[in-house]
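Any chance you can model this:
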Amino acid sequence: MSMSYVIKEGISGFRRTPLASLTAVIALMVSLILIGILARFYYSAYEIGTTIRNDIEIEVFLQDVPEDRRRVIRGELQALPIVDELTYISKDSAAAVFRELFGAEGTPLSDLSFLPASYRVRPVADVPADTLVRYLSVVRDIRGVDEVSFNIELLRLIDERLQTVLLVGGGLGLLILFTAMILVFNTIRLTIYAKQSIIRAMKLVGATNGFIRRPFVMEGILQGIIAGILANGLVLLFFTRILPYFIPQFGVIPWPFGRWYFLAGALMGLSVVMGLLGSRWAARKFIKDATLS
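As a prediction, this is how the structure comes out:
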């Protein structure tokens, strides 16, 4: 079977059931627009949450230890697999930060020698909260460490919210895609019913189920291509013109992975796959017997 025949027959399905085909294309297009909008907002929320999470630091306050012991403590901290960056804050630096924040000059707290030296530790990105808790106990046991300050509850809260964002966004996306695929399935089913007499005749002369199915699958793919092109154009228009016009602050929302074409490619791929799966599902279900009722 030539590809030109498959494409020609696939296009003919639009003429046989124009209303159903238009409905499937519009449903796919609307589904992709919703997914595109959700993907960008959820990606932005995830990026903000990840940035906040990665900015959480561990403060390791030191006892009054000699310089050589401080270097040993630094080496032990750097050896931990959870440590990404390590910054030493001397007593003088801690006092300067305190004065900048609270203006201690000329007050009873002008003598800030009681402030301890410390190490500011930036953990490795995306390290699980339970792993951090386990290594914090190791840090506390290092000789010369006085106290460890870390907001583990905030980290766990952020992790929970990020997981919720992923689960809710993924669930909504799958529900929308499945609904669109059902509409493609129904469209191809109507097209098959409209061609029952032709299919019977093809089976009588020895045509295989696979031969008969290909044009219907192509019709679903074409629906996906058309819906993907329309959806990408509308999503791009929404985020570059409509939304910034009414709410300028949303003009800075980042595109997934920094470029609009990553989202556009994903939407087009999803659209084609949904059209393919929906049409293949319908064709396999309704073209499997020698005769159709």
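
what about the residue nearest to Ile56 when sequence neighbours are not counted, which SS state?
The spatial neighbour of Ile56 that comes closest, neighbours along the chain excluded (Cβ to Cβ, 6 or more residues apart in numbering), is Leu155 at 5.7 Å. To be clear about C-beta, it is placed using only N, CA and C from the backbone, and glycine gets the same treatment. Three-state call for Leu155 (DSSP: H, G, I helix; E, B strand; the rest coil): helix.

For Leu155, give me the pLDDT.
What the model reports as pLDDT for Leu155 is 81.

Contact partners for it?
Going by Cβ atoms under 8 Å, 6 or more residues apart in numbering, Leu155 touches Arg53, Ile56, Ala129, Leu132.

what do you get for Arg53?
Asp126, Leu155, Ile158, Asp159, Leu162.

hang on, the earlier thing: could you flag which of the contacts of Leu155 are buried?
Arg53, Ala129, Leu132 (16 or more other Cβ atoms under 10 Å).

ok, of the contacts of Leu155, which one's closest to Ile182?
Arg53 (37.9 Å; Cβ to Cβ).

that older thread, now flag whichever of the contacts of Leu155 is closest to Leu236.
So of those, ranked by how close each gets to Leu236 (Cβ to Cβ), first place is Arg53, at 30.3 Å.

and the helix or strand harbouring the closest one, what's its mean pLDDT?
Following DSSP states H and E, one finds Arg53 within helix 18-55. For helix 18-55, mean pLDDT is 81.

Mind listing what's buried along it?
For helix 18-55, by 16+ other Cβ under 10 Å, it's 20-21, 23-25, 27-36, 38-40, 42-46, 49, 53-54.

Could you do stretch 265-274 as well?
Here stretch 265-274 shows Ala266, Leu267, Met268, Leu270, Ser271, Val272, Met274 as buried, counting by 16+ other Cβ under 10 Å.

just stretch 220-240 next, same as before
Quick answer for stretch 220-240 (16+ other Cβ under 10 Å): 220-228, 230-232, 234-235, 239.

now stretch 138-156
Applying a neighbour-count criterion of 16+ other Cβ under 10 Å, one finds Val139, Val145, Val148, Phe150, Leu155 buried in stretch 138-156.

Show the end-to-end separation of it, please.
Counting by Cα to Cα, to the nearest Å, you get 20 Å between the two ends of stretch 138-156.

Check what pLDDT Met268 gets.
91.

that older thread, out of the buried residues of stretch 220-240, which comes closest to Ala282?
Distances from Ala282 to the buried residues of stretch 220-240, taken by Cβ to Cβ, are shortest for Gly220, at 7.8 Å.

my read: that closest one touches Leu183, true?
No: the pair Gly220 / Leu183 is not scored as a contact, 10.7 Å apart, by Cβ atoms under 8 Å.

who touches both of the two?
In contact with both Gly220 and Leu183: Gly278, using Cβ under 8 Å, 6+ apart.

Point out where the stretch 1-150 of the chain drops to low pLDDT.
By pLDDT under 70, the weakly predicted segments of the stretch 1-150 of the chain are 1-2, 5, 9, 13, 95, 97-114.

What are the boundaries of the helices in it?
3-16, 18-55, 67-78, 91-102, 129-140 (DSSP state H, counting those that start in this stretch).

before we move on, the earlier item: now, the buried residues of stretch 265-274 that are in helices?
Judged by DSSP state H, helices contain the following of these: Ala266, Leu267, Met268, Leu270, Ser271, Val272, Met274.

Now the fifth one. Nearest residue, chain neighbours left out?
Excluding the flanking residues, the one nearest Ser271 by Cβ to Cβ, 6+ apart is Gly228, at 3.4 Å.

and the ones in helices among the buried residues of stretch 265-274 as CSV, adding distance to Leu77?
As requested, these are arranged in CSV below (distance: Cβ to Cβ, whole Å):
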residue, distance to Leu77
Ala266, 41
Leu267, 45
Met268, 48
Leu270, 46
Ser271, 50
Val272, 51
Met274, 51
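
Just the closest of these to Arg120, please.
Ala266 (38.6 Å).

Tell me who's in contact with the residue nearest to Asn151 when sequence neighbours are not counted.
Computed as Cβ to Cβ, 6+ apart, the closest residue to Asn151 that is not its neighbour in sequence is Ile56, at 6.4 Å. The contact partners of Ile56, by Cβ under 8 Å, 6+ apart, come to Pro123, Phe150, Asn151, Leu154, Leu155, Ile158.

how about a cut-off of 7 Å?
Asn151, Leu154, Leu155 (Cβ atoms under 7 Å, 6 or more residues apart in numbering).
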